[in-house]
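*Asks:* Got a predicted structure here, sequence first:
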Amino acid sequence: MSSARRREELTSYLGAQRRADSLELALQGEWRALRFNEISSVLAAVDLSGVHTVLINTQGLLLLDLSCAWRLREFIASTRAAGITVSFQGTRPEQLQVLDDALVKEPFQPPGAPPHHESIIEPVTALGRHVVRVGYDTREALAFIGRVAVTAVTAFGSVKRLRPIAVARHVYDTGVTAIPIVALIAFLISVIIAYLSAQQLQRFGAEIFVVDLVAIGVLRELGVLLTSIIVAGRSGSAFAAEIGAMRLNEEVDALYATGADPYELLVLPRILGLVIALPLLTIVADAIGLAGGALLCRYLLNIPLTQYISRVSESIGPTTFWVGVWKAPVFALLIALAGVYRGLQVSGSSRELGRLTTMAVVQSIFLVILADALFAVLFMKLGI
Amino acid sequence: MATEHPVVLEVRGMVNRFGAQIVHDGLNMQVYEQDVFAVVGASGAGKSVLLRSILGLQHPQAGAVLIGGRELRQLSDAQLRAVKTDYGVTFQEGALYSSLTLLQNVQFPMIEHMQLAPAVRDELAMLKIRLVGLPADAAAKYPAQLSGGMIKRAALARALALDPRLLFLDEPTSGLDPISAAAFDDLLQHLHRELRLTVVMITHDLDTIFRTCNRVGVIVDRRMEEDTLARIVDHPNPWIQAYFHGERARAREVRNGT
């Protein structure tokens, strides 16, 4: 075996011929990046035991792209490191020269992950960092609310700066186009309340109180609450995404640069639009909710419409309707502020946009429910 | 000289209409191997529409696009995927994936098309980043942290990820200062020479055209007039005359003393 000539076709990429202690490698075919793994394993499988010189022949090589040239360069480097002489038959492929030029400047260092210190006080520092971040966030949010308030006060000085056309657009987008879904949800909710209460009250023969439950429930709480939650999902997310996309596209910066105030142009019209639209939507939801209750009472409990109407007007107090409607602008303010604030925070990447839009929706729904709970306590204390 | 090479990219009889507006009406185009082909034309003449049609991002009303002699519309999805690994594209604004670092951006095509060990992938991606002249510490940065010139180079690095033999560049030097633009031209020349790439670029930059291109296609009157750079400058069409011999072109000649 030592002196016998042995030619071996390793694959279509490489032919090997051994003469005593020298090995001739004939590269052949197309060495393309998409075949990197095959070529890499072929090179790794070359048997170098007892070899002193390697001669590389590139005459049969149809194509050598950079990725494969890099692999060849690695192979040559590791072969030389093992004390074997490597030379080329004919000219050295110029791709290797390109690599030398590109790589000679500095040795490669992969950008590693940031240093991670695992220690016993890690949870404590994490907590501390979180608290500091929450502190900054709070300060930023307060600054935002202050800025909106100042803009609102100055803008109320003139009709032009209130941007009535933009406000009207937002009333349409957040209010008018939401009517179908709000009406449907209000109807279904009144059906649910009526069904649930009818089941319980029928046992006592007190079906007529179903009307009370539907009327008070819808007017006081559920009409406005569910409308707000739908609007938070629809418009809170839309505000955050619209303004966030404008941030990514540097449109907000362009506004600043032209001397236009984004708070006046983007923030205030959205807040005003929603503050106008949400009470109106609430009234729609109230009406549909009561109508749904009437329908169910008529066909489920055989309470005629005239009796239903008179029972509704008996059961509700003078403030019941207004309690619901007056909550709407407050909820609208919370939804719009959360949406716009998160939208303005977007910077850098599309992932940020998604994260902050999600945050806007979650926070606006949370704020609405929190505010509703506070209202419930407040109204009870006031005796309304 | 260039015509000795085989045709790599061919567009036959392309028609693009948007409503009543006709952008291309029977446009033909031929790019030979190892060409650096510049597509020029007035703003709104349909340069980007042409590129989008070639890339399959838009479907022309009529006409055929052939890459490597194969008509793209007749290929199966798998074949089309294979063709797409043969070319690299850079978009005008870079279109880097904003939620990935530069290194991850360059690795993305590799992950999609090559099964590599992570260490090898890192090395190959870093090689491409080096090759386009970006510093190694840029690799960990997000696109939002890169300057305009770096984004152009980063986009080129991503386009080169799979070692394609055909490159499409959409306004590679727009928005760069003259020095960065000249450096980009040098880079392109270097890559073209070393890697024997075929390059199709949309550009307005006369310096880029004269320094890097050997053939030019001008979109005039909804068709393309294409020729070598030396001959196209003498084309009788008034727009082409104005383009190559107008105020800016003269300023360039004065500057270069030609």
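*Replies:* Yep, it's here.
*Asks:* If we look just around chain A, which residues of the stretch 101-250 of chain B are in range?
*Replies:* Contact residues, the stretch 101-250 of chain B versus chain A (C-beta under 8 Å from any C-beta of the partner chain): B:101, B:103, B:113-116, B:119-120, B:122-124, B:126-128, B:130-131, B:136-137, B:139-140, B:142-145, B:160, B:162-163, B:194-195. Placement of C-beta: from N, CA and C, glycine included.
*Asks:* among those, which ones are buried?
*Replies:* Using 16 or more other C-beta atoms under 10 Å in any protein chain shown as the burial test, these include B:101, B:103, B:113-114, B:116, B:120, B:122-124, B:126-128, B:130-131, B:136, B:139-140, B:142-143, B:160, B:162-163, B:194-195 as buried.
*Asks:* which ones among the residues you listed are found in helices?
*Replies:* Cross-referencing these against helices under DSSP state H gives B:103, B:113, B:120, B:122-124, B:126-128, B:130-131, B:194-195.
*Asks:* Columns pLDDT on top of those, output as TSV?
*Replies:* What follows is those, written out as TSV (pLDDT from 0 to 100):
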residue	pLDDT
B:L103	91
B:H113	81
B:V120	86
B:D122	88
B:E123	86
B:L124	88
B:M126	89
B:L127	87
B:K128	88
B:R130	85
B:L131	84
B:E194	78
B:L195	79
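*Asks:* quick one: which of those residues is nearest to A:D173?
*Replies:* Distances from A:D173 to these, taken as C-beta to C-beta, are shortest for B:L103 (40.9 Å).
*Asks:* what mean pLDDT does the helix or strand hosting A:L27 have?
*Replies:* Using DSSP states H and E, A:L27 maps to strand A:22-31. Mean pLDDT, strand A:22-31: 84.
*Asks:* List the contacts of that strand.
*Replies:* Residues from elsewhere that reach strand A:22-31 (C-beta atoms under 8 Å, 6 or more residues apart in numbering or on different chains): A:12-18, A:39, A:46, A:48, A:51-65, A:68-69, A:72, A:89.
*Asks:* and if we set it to 7 Å?
*Replies:* Strand A:22-31 is contacted by residues A:12-17, A:39, A:46, A:51-58, A:60-65, A:68 when judged by C-beta atoms under 7 Å, 6 or more residues apart in numbering or on different chains.
*Asks:* gap between that strand and the chain center?
*Replies:* 51 Å (C-alpha atoms, centre = their mean, to the nearest Å).
*Asks:* Given that strand, what are its sheet partners and their directions?
*Replies:* Strand pairing for strand A:22-31, using DSSP bridges, gives strand A:14-19 (antiparallel), strand A:53-64 (parallel).
*Asks:* picking up where we left off before, pull out the buried members of the contacts of strand A:22-31.
*Replies:* A:13-17, A:39, A:46, A:51, A:54-58, A:61, A:64-65, A:68.
*Asks:* Can you show me the helices along the stretch 151-300 of chain A?
*Replies:* Assigned by DSSP state H, counting those that start in this stretch, the helices in the stretch 151-300 of chain A fall at A:164-174, A:179-202, A:209-216, A:223-231, A:237-248, A:251-257, A:262, A:268-300.
*Asks:* Out of those, which one sits most buried?
*Replies:* helix A:223-231 (a mean of 25; mean count of other C-beta atoms under 10 Å in any protein chain shown).
*Asks:* For the chain, which element, helix or strand, carries the lowest mean pLDDT?
*Replies:* Since no chain was named, I'll use chain A. Using mean pLDDT, DSSP states H and E, the weakest-scoring helix or strand in chain A turns out to be strand A:6-9, at a mean of 52.
*Asks:* cool, chain B as well?
*Replies:* helix B:247-256 (a mean of 70).
*Asks:* quick one on the thing from earlier: select from the helices of the stretch 151-300 of chain A the stretch with the lowest mean pLDDT.
*Replies:* helix A:251-257 (a mean of 84).
*Asks:* Off-centre distance for it?
*Replies:* 23 Å.
*Asks:* hey, C-alpha coordinates of that helix in PDB?
*Replies:* Extracted in PDB, the C-alpha atoms of helix A:251-257 (Å, rounded to 0.1, in the frame of the first residue of the first chain):
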ATOM      1  CA  GLU A 251     -42.900  61.000  10.300                       C
ATOM      2  CA  VAL A 252     -43.100  62.200  13.900                       C
ATOM      3  CA  ASP A 253     -39.600  63.600  13.700                       C
ATOM      4  CA  ALA A 254     -40.600  65.300  10.400                       C
ATOM      5  CA  LEU A 255     -43.400  67.000  12.200                       C
ATOM      6  CA  TYR A 256     -41.100  68.300  14.900                       C
ATOM      7  CA  ALA A 257     -38.700  69.400  12.300                       C
END
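*Asks:* Residues touching that helix, excluding its own?
*Replies:* A:246, A:262, A:265.
*Asks:* In contact with the last one, which residues?
*Replies:* With contacts defined as C-beta under 7 Å, 6+ apart, A:L265 is in contact with A:163, A:255.
*Asks:* ok, now how distant is it from chain B?
*Replies:* 24 Å (C-beta to the nearest C-beta, to the nearest Å).
*Asks:* Quick check: that residue vs A:E251, distance?
*Replies:* A:L265 is 10 Å from A:E251, where distance means C-beta to C-beta, to the nearest Å.
*Asks:* now the second one
*Replies:* Between A:P262 and A:E251 the distance is 9 Å, computed by C-beta to C-beta.
*Asks:* Same question for B:I202.
*Replies:* Taken as C-beta to C-beta, the span from B:I202 to A:E251 is 25 Å.
*Asks:* What of A:N302?
*Replies:* 60 Å.
*Asks:* same deal with A:L266?
*Replies:* 9 Å.
*Asks:* related to what we said a few turns ago, got TSV for the strands paired with strand A:22-31, with mean pLDDT and distance to A:A186 too?
*Replies:* Converted to TSV, the strands paired with strand A:22-31 look like this (pLDDT from 0 to 100; distance: least, C-beta to C-beta, whole Å):
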stretch	mean pLDDT	distance to A:A186
strand A:14-19	82	75
strand A:53-64	83	69
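*Asks:* Tabulate those strands (CSV), appending distance to B:Q189.
*Replies:* Formatted as CSV, the strands paired with strand A:22-31 follow (distance: least, C-beta to C-beta, whole Å):
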stretch, distance to B:Q189
strand A:14-19, 33
strand A:53-64, 21
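*Asks:* B:V7: which of those is closest?
*Replies:* strand A:53-64 (18.4 Å).
*Asks:* Show the subsequent helix or strand relative to that closest one.
*Replies:* Past strand A:53-64, the next helix or strand by DSSP H and E is helix A:66-81.
*Asks:* in that following helix, what's buried?
*Replies:* Quick answer for helix A:66-81 (16+ other C-beta under 10 Å): A:66-76, A:79.
*Asks:* So which of the residues you listed reach chain B?
*Replies:* Contacts with chain B are made by A:66-67, A:70 out of those, judged by C-beta under 7 Å from any C-beta of the partner chain.
*Asks:* which one of those is nearest A:K381?
*Replies:* With C-beta to C-beta as the yardstick, the closest approach to A:K381 among these comes from A:S67, at 73.4 Å.
*Asks:* Leaving out sequence neighbours, find the closest residue to the closest one.
*Replies:* In space, and not counting its chain neighbours, A:S67 is closest to A:A33: 3.8 Å by C-beta to C-beta, 6 or more residues apart in numbering or on different chains.
*Asks:* ok, and the residue nearest to B:Q115 when sequence neighbours are not counted, which helix or strand is that part of?
*Replies:* Leaving aside its chain neighbours, B:Q115 sits nearest to A:N37 (5.9 Å; criterion: C-beta to C-beta, 6+ apart). Element membership of A:N37, judged by DSSP H and E, is helix A:36-44.
*Asks:* Run through the neighbouring helices and strands of that helix.
*Replies:* helix A:66-81 (3 or more C-beta pairs under 7 Å, 6 or more residues apart in numbering or on different chains; DSSP states H and E).
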